[in-house]
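J.: show me how the following folds:
(2 chains)
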Amino acid sequence: MNDTVTPAVPPSIRSRSLLPDTEARQKLRRKRARRDKTSRWGITIAGYGVVFALAMIFIYLFYEVMPILKGATVTPQATYNLPVQDAGLQRFLIERYEELGIQYTDDGRVTFFDADNGEIRSQFELPIPEETEITSFAHTEAIGAVTAQGLSNGQAIISRHAFDLSFPVDRRVITPKMEFPFGEEPITVDPAGMALEHLAIETVTRGRGGSLMAAITADNRLILTHLETRSNMMTGETTVATRHAEIDTVPEQPVKMLLDKALRSLFIADQSGFIYYYDVSDLNNPRLVDRYDAGQGSAITAIDFLVGTVSLIIGTESGELSQWFLVRDEQNINSLVRIRDFKAHGAAITNIAPEYTRKGFLAVDAAGHLGVHYGTSARTLFLEQKANTALIGVAISQVNNRILLLDANNQIQAAGLWNRHPQLSFSALWNKVWYEGRANPEYIWQSSSASDEFESKFSLVPLSVGTLKAAFYAMLFAMPLAIAGAIYTAYFMTPKLRGVVKPSIEIMEALPTVILGFLAGLWLAPFAEDNLPAVFSFFILMPVMMLLFAFIWTKLPIRKMIPDGWEAALLAPVILIFGYLCVVASPWIEIWFFNGSMRQWFTDIGITYDQRNALIVGIAMGFAVIPTIFSIAEDAVFTVPKHLTQGSLALGATRWQTVMGVVIPTASPGIFSAVMMGFGRAVGETMIVLMATGNSPVVNFNIFEGMRTLSANIAVELPETAVGSSHFRVLFLAALVLLALTFVVNTIAEIIRQRLRARYSNL
Amino acid sequence: MKAWFKSGSPWIWLNGGAVAFCMIMVVGLIGLIAVRGFGHFWPADIAKVEIIDANGNRQVVMGEIVRPQTITAAVARDGGHHIPEGVDLITRYLFKQGNRDQTGNDFAWHFETGMGEFQYPKDAFQIERREWGNFYGQPVSLSREGNVIATPNDANFWSLLQESINRSLQIHRDIHRIERGEIGRMNSEIERLRLDGRRLELSNPTAQQRAAEEARIAAERARLDDEYAILRVELDALYQSTRRDTLRMRMADDREVDLSLAAIVRITAPNAMSVPQKMGQYVERLWEFLTTPPREANTEGGIFPAIFGTVTMVFVMSIIVTPFGILAAIYLREYARQNLMTRIIRISVYNLAGVPSIVYGVFGLGFFVYFLGGNIDRLFYEAALPTPTFGTPGLIWASLTLALLTLPIVIVSTEEGLARIPSTIRQGSLALGATKSETLWKVIVPLATPAMMTGLILAIARAAGEVAPLMLVGVVKLAPTLPVDGTFPFIHLDRKIMHLGFHIYDVGFQSPSAEAARPLVYATALVLVILIVILNLTAINIRNRLRERYRSASD
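T.: Predicted coordinates:
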């Protein structure tokens, strides 16, 4: 390497020696050593960098998935006194921006206070008529913010709190106000004018709209009042139309009444622990359907709906919490069913606060515990003692970031809440879950919908089953073809043909899957649907035809002209001609055996047939997997040491016997690893499944139905989900599952392959 | 027979059949794409046929015959068609009858029952339009400013028509130049001014600075407004003049329709064309397909932005993946101590080649786009927030994701090349006193270059065909601008790109008219397949030559 450097030699030294002097040589040596070092370090750093970058994939996916496992955390922020203490508390809330708390008291006042320190911001008085007092209280689902105060004269005041937002000087200012959706005049609930002891109200804004109230009067009558506002076309004046109905069966000692949002069901909890379920969908014929022993010996102390008013959360004196909803049986009869239990508190539940947009709730008990629970996943995310006395009130904001707790000493604790992913748990992802409105626990993937009250269904089972289904049919198609082809190519084929086949298979591997998917979806799927008999007859009869041709070939005189090793080339025209015949015969087969349409025939015998189904995916993805299996298996068979096979042939075994007795047993680990690699590829393939199936997340193995795989699901849903949401993280989890699965499968395959190589070199 | 079975040769035949079947699938698939893809550009004849249905209603249909199909009568009857008794099989034809704005459906199946003879009228025109797809009809007259200037009987009708078309195409180009070029440039300048204003607010300037800067912005804005007003006038004049000529056409059902020449891209009369003329037309259409942007929600026009986007992305990816892949491979093979840890790393790297590509997409979206891109935006593009600059899918993230995806391919291939170099060469160099790095860079790497090339080509082929991860990290169905253009900084790494593979998915599966889009998808697929087959064959060739060379070297 010295020639690359021309050392500057002083003329005085030149006379002594032609070699560079010591100093120059040392300089050069140092330079070379420096270069060597730089190179070493540079390459090492780059090497580590790349390894680290690849490891980052694992680390980052884990990092995004980790928050799923976290429970809830509560951080105390402030403690102060309840602003209004000279009247009984009816309700206790915190608004959406988490700035104001709201307190309803039984003297008809509504107080808005600063959630940070309890200072009163504004106060309203409800227009209670003279000489009456408030005897009962009810509210609709929290998001509607409508409340009703039952009066001692059989009337009720319906009001709603609302907020005006303004931004003077770039700061948000929230101005509370009270509205009266049915006017400031009280509404008559009991025409007889008795005091309303218990009250329930629910309002529907969708569809025709309307409100329903239920009340139990002082003389123990159960009254229903339906309210509807009508606006006069001419004057623009709105009038309220009321209709009344009475139910004769009334519980002895009612605790609380609840009406659902469909205005169909009324639930009354009584002190003995029973829930009375009334069907009030027909106001002319409201009736008691049944009663259920929810407390099982202990009294119901708190009850409320989860958002959507489908599920009831029932808290008992003994501290048990359970979720109930109506389940419709085959005869279309609803009954209230205990769906799941939550971690018990150990002391009487005093208050339940449902979340506004998810199926979660907070519960507080007489021993001062706060529990954060979630319906769908049956998770208890937080359960700790937050006060030394009983906690009697709890409020959660609409965005689930802040809570207010009220204890028996009228002290309010404001606290921050972190509870991002309560709906995910191992059982919610992998076990059957009983979702609202379903007849049974099921595996469902349905991640989003138009409605706020939607219960996200994050079961990974349909997706995993879909993935395995796609991979199964692909392997079913690819395995025999690829392995048989590999054995033939490696062992029987003439080198000339092999020189054509091998690159073709490599091209096959390189074909973009988007092209395979597009052909499968737009060409193969309609073709197969139109020519179903052709597809079946081709796959079933093809081997027979090959054998038939082979047998005839042995009898033909020209076979001497073509040596062994060209069987594949000879069979190609046979396959083409037979395939063509199948297509031509297809309509006739349909006419003769299937009344003219095989697809219709499938439907008639009760088999669902989708145009884009597992058969299509099997063929298309099989096509993508064949080269993977083929290349590795061919390599394994081809590299079986020659002396083994020659020994076998020398002992008189036929070529086929040699293959079965020597080659395949020796190469079987290699073939196995080829299959594993192929499986790994089939599991992760995205575009083919995305394009060649309907992407419906079904849980079955019907070859004529589609599926939705983990990978296709990611491709469809990830671009549209909110960053950091539970859905986002579940999709990352799906990616992690795919990564781990293929990584493990490939690692096993790779290790087997390396061992095999070592064994061959020892033989 | 029994002996024959015993000999095992039937099984050999079956194994051979498997190979034959695989080969037929590969060849058939490429052939199918080639035939359909190349066929798309051939000017098909326009057939006209009279159909009298069972009730005696007469209907005339004109258009290209896309394909005939034979179905069983039962299927046709299920579809609600009247098929005479005693017929088992029936043929139907899919007509591309165009005129979507007039009739509503541009593709229709017609049964052969009651169908008259196919006619191919010489004056049947196929008119490609800027919207509503093709128009099929026979010409009635050409008018200029409302006055008829030529009818098909005039000898100069065709030349007048071509002249009008060329004129309107020229005007269209002018309009495009003004709208895209000049007004586009103005828009970016206005956007820049807006950002300057935002930056000014964020930087807490003194009153003096603020006044100076605001005055500058106001002055520039005023200048731009003036320029815009001038252009606007020019544009209006151009738009006015495109409306000069109209062509009156008669459709198959004898209705007459006026088409403005402004909306016409090309008029051909395929029935009157000779084969050489058709070939000329074929080349013209093929060229147009490769060099023009798409029209009508990607279902018409060309795929130039998709080709350009794919090439740019692959190019940027190669720049990233080549040095890292090669250095990592050299590290693993030459520098790392060959112990268990290195073995684990090597197996892991090899396995990453088998990890589903969508996983890389998820990683790219989360880590590159949201994490890296989001932070870059916060640090350097604060003024543009909340509109993300790099915090959204784009070219650079797509390239980085694919670089990560193809890294194992380059590493594996390079390592293989390094391993093939006989150790005698290495030892020879060291024995002559060369340092390790000198041996490496002057002896080993030059010898392994073809292997690295192979790896890079395979990586490019893989990247060009990959779609799933790109859907997440930077590819869109329609990018308004190319990632490379004349405005500073010329290569816009933050822009979204179009991609051939995604184009296939999008046009084939997301477009409103699947039947109209299908030929275009085949043509696009053909381009992609040709690209990938060429790349792979090159790689295979290089590798095979390399093997030969070392086989002789090591012997």
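
J.: give me the number of residues near the residue nearest to A:Ala192 when sequence neighbours are not counted?
T.: Closest residue to A:Ala192 in three dimensions, ignoring its sequence neighbours and counting by CB to CB, 6 or more residues apart in numbering or on different chains: A:Gly154, at 6.5 Å. All C-beta spots, glycine's among them, are computed from the backbone N, C-alpha and C. Other residues within reach of A:Gly154, judged by other CB atoms under 10 Å in any protein chain shown, total 22.

J.: I figured A:Gly154 was touching A:Glu197, is that so?
T.: No. The criterion here is CB atoms under 8 Å, and A:Gly154 misses it with A:Glu197 at 10.8 Å.

J.: overlap in contacts of the two?
T.: Taking CB atoms under 8 Å, 6 or more residues apart in numbering or on different chains as the contact criterion, the common neighbours of A:Gly154 and A:Glu197 are A:Thr217.

J.: any idea how far the residue nearest to A:Ala192 lies from A:Lys256?
T.: In this view, A:Gly154 and A:Lys256 are 20 Å apart by CB to CB, to the nearest Å.

J.: what of B:Glu85?
T.: For B:Glu85, the distance to A:Lys256 (CB to CB) stands at 72 Å.

J.: list the contacts of the residue nearest to A:Ala192.
T.: Contact partners of A:Gly154, counting by CB under 8 Å, 6+ apart, are A:Thr188, A:Val189, A:Asp190, A:Pro191, A:Ala192, A:Gly193, A:Met194, A:Ala195, A:Leu196, A:Thr217.

J.: now, the residues you listed that are in helices?
T.: Among these, no member is found in helices (DSSP state H).

J.: of those, closest to B:Gly309?
T.: Distances from the contacts of A:Gly154 to B:Gly309 were compared by CB to CB; the smallest belongs to A:Val189, at 67.7 Å.

J.: my guess is A:Met677 meets A:Phe630, correct?
T.: No. Applying CB under 8 Å, one finds A:Met677 not in contact with A:Phe630, separated by 10.7 Å.

J.: higher neighbour count, the two?
T.: A:Phe630 (30 against 25).

J.: so which elements touch the helix or strand harbouring that one?
T.: Counting by DSSP states H and E, the secondary-structure element that holds A:Phe630 is helix A:614-638. Counting contacts by 3 or more CB pairs under 8 Å, 6 or more residues apart in numbering or on different chains; DSSP states H and E, helix A:614-638 is packed against helix A:461-487, helix A:495-510, helix A:513-519, helix A:525-530, helix A:664-684, helix A:687-692, helix A:726-762, helix B:9-39.

J.: out of those, nearest to A:Arg25?
T.: Judging those by CB to CB, what sits closest to A:Arg25 is helix A:726-762, at 45.7 Å.

J.: name the helices or strands packed onto the closest one?
T.: Applying 3+ CB pairs under 8 Å, 6+ apart, we find helix A:726-762 packed against helix A:22-65, strand A:457-458, helix A:614-638, helix A:664-684, helix A:710-717, helix B:340-352, helix B:357-363.

J.: who wins for proximity to A:Asn695 among these?
T.: Distance to A:Asn695, taken as CB to CB, is lowest for helix A:710-717 among these, at 5.9 Å.

J.: send the alpha carbons of the closest one over as CSV?
T.: Only the C-alpha atoms of helix A:710-717 are listed here, as CSV (Å, rounded to 0.1, in the frame of the first residue of the first chain):
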residue,chain,number,x,y,z
LEU,A,710,-54.9,-8.6,11.6
SER,A,711,-52.7,-7.1,8.9
ALA,A,712,-55.6,-6.0,6.7
ASN,A,713,-57.3,-4.6,9.7
ILE,A,714,-54.3,-2.4,10.5
ALA,A,715,-54.2,-1.2,6.9
VAL,A,716,-57.9,-0.3,6.9
GLU,A,717,-58.2,1.3,10.3
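
J.: quick check: angle from that helix to helix A:461-487?
T.: 130 degrees (axes from the mean of the first three to the mean of the last three CA atoms, to 10 degrees).

J.: mind listing residues that contact helix A:710-717?
T.: A:445, A:447, A:460, A:463-464, A:466-467, A:683-687, A:689-690, A:693, A:695, A:697, A:727, A:731, A:734-735, A:737-738, B:356, B:358, B:361-362, B:468, B:471-472.

J.: where does the prediction get shaky in chain A?
T.: A:1-17, A:206-209, A:232-236, A:450-452 (pLDDT under 70).

J.: how about the most centrally placed residue in it: what's its closest non-neighbour residue?
T.: Here the mean C-alpha position of chain A is nearest to the C-alpha of A:Phe458 (CA atoms, centre = their mean), at a distance of 2.8 Å. Closest residue to A:Phe458 in three dimensions, ignoring its sequence neighbours and counting by CB to CB, 6+ apart: A:Val730, at 5.2 Å.

J.: let me see the contact set for the nearest residue to A:Ala299 once chain neighbours are set aside.
T.: Nearest residue to A:Ala299 in three dimensions, chain neighbours excluded: A:Glu317, at 4.6 Å (CB to CB, 6+ apart). Taking CB under 8 Å, 6+ apart as the definition of contact, the neighbours of A:Glu317 are A:Gly295, A:Ser298, A:Ala299, A:Ile300, A:Thr301, A:Ala348, A:Ile349.

J.: related to what we said a few turns ago, tell me which of B:Glu85 and A:Lys256 has more neighbours.
T.: Between B:Glu85 and A:Lys256, counted using other CB under 10 Å, the more crowded position is A:Lys256 (17 against 5).
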